[in-house]
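Enquirer: Predicted model and sequence below, questions to follow.
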Amino acid sequence: MSGITLSSLDLAALLCSRVCHDLISPAGAIVNGLEVLEEAKDEETRQFALDLIKKSARTGSARLQFCRIAFGAAGSAGAQIDVGDAESVARGFIEDDKVKLDWTLPRMFLPKNRVKLLLNLLLLGGQAIPRGGTLKVESIGDGEAMGFRITAAGLNSRVPAVQHLLDGGNEGETVDAHAIQPYYTGLLARECGIKVAVAAENDSIVVTAQ
């Protein structure tokens, strides 16, 4: 059975919507901070506004760097990406007071789409722990054919309803800006010749790509 049929223009538009969704919050916070700064009449308020602007700018920069690799071109066709760079942008995007990243992958260069797939798998793992927890990243195999295992552990972890989107969706189904990320992850996986599966395992949710 054929799955979702999506034109290249619609795919590009939905991915842009997804990126804008990630960036609008820190951008709005910077604007709010500037407005508070303009109206501040005391040093405490000015410091609060400056702290808000700095924090929001760092958050926006981290999200841009992550999205550049996860959704963008990130180099020419056939390019390779340093896994260490992927770890750096992943930590900046994902880690906060609620979520910690346990990254065990070796530092090496991998084909661009395989690294893009890895970052998108982390987003799926994050959906499994809405109240926070730990995302552990492990390799399956080695070399350029390396696969990945993401283990999401946290309070009230749950299997995100994305498997059918990873598999290409159902015939006649449409996707929106919320569903485009798992659908795009499936496209990347098939481009790499990889199967992605999401399942509960003991008290954790495991995303495998091999």
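Expert: Good, I have the coordinates. Numbers count the residues shown, from 1 in each chain.
Enquirer: Just the strands from this protein, written as ranges.
Expert: Assigned by DSSP state E, the strands in the chain fall at 80-82, 99-103, 109-111, 133-140, 147-153, 196-201, 204-209.
Enquirer: which residues touch the longest one?
Expert: With contact meaning CB atoms under 8 Å, 6 or more residues apart in numbering, strand 133-140 is reached by 90, 94, 98-106, 118, 122, 125-126, 129, 146-155, 157, 208-210. The C-beta positions use only the backbone N, C-alpha and C, and glycine is treated the same way.
Enquirer: same question, stretch 156-167
Expert: The contact list for stretch 156-167 (CB under 8 Å, 6+ apart) reads 3-4, 124, 127-131, 133, 170, 175, 179, 182-183, 185-186, 189, 196-200, 203-205.
Enquirer: For ChimeraX, what selects the buried ones among those?
Expert: Filtering the contacts of stretch 156-167 down to the buried ones (16 or more other CB atoms under 10 Å) takes a single ChimeraX command:
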select :3,4,124,127,128,129,133,175,179,182,183,185,186,189,196,198,204,205
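Enquirer: Show me the shaky parts of the chain.
Expert: Residue ranges of the chain with pLDDT under 70: 1-2, 74-78.
Enquirer: center of it - which residue?
Expert: Of all residues in the chain, the one closest to the mean position by CA atoms, centre = their mean is residue 123, 3.7 Å from it.
Enquirer: By residue count, which helix of the protein is the longest?
Expert: Longest helix in the chain, counting residues (DSSP state H): helix 8-39.
Enquirer: quick one, what contacts residue 56?
Expert: 26-27, 29-30, 33.
Enquirer: Now, of those, which are buried?
Expert: Buried, going by 16+ other CB under 10 Å: 26, 29-30, 33, out of the contacts of residue 56.
Enquirer: Please tabulate those residues in JSON lines, including the columns distance to residue 11.
Expert: Conversion of those to JSON lines gives the following (distance: CB to CB, whole Å):
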{"residue": "26", "distance to residue 11": "25"}
{"residue": "29", "distance to residue 11": "29"}
{"residue": "30", "distance to residue 11": "29"}
{"residue": "33", "distance to residue 11": "34"}
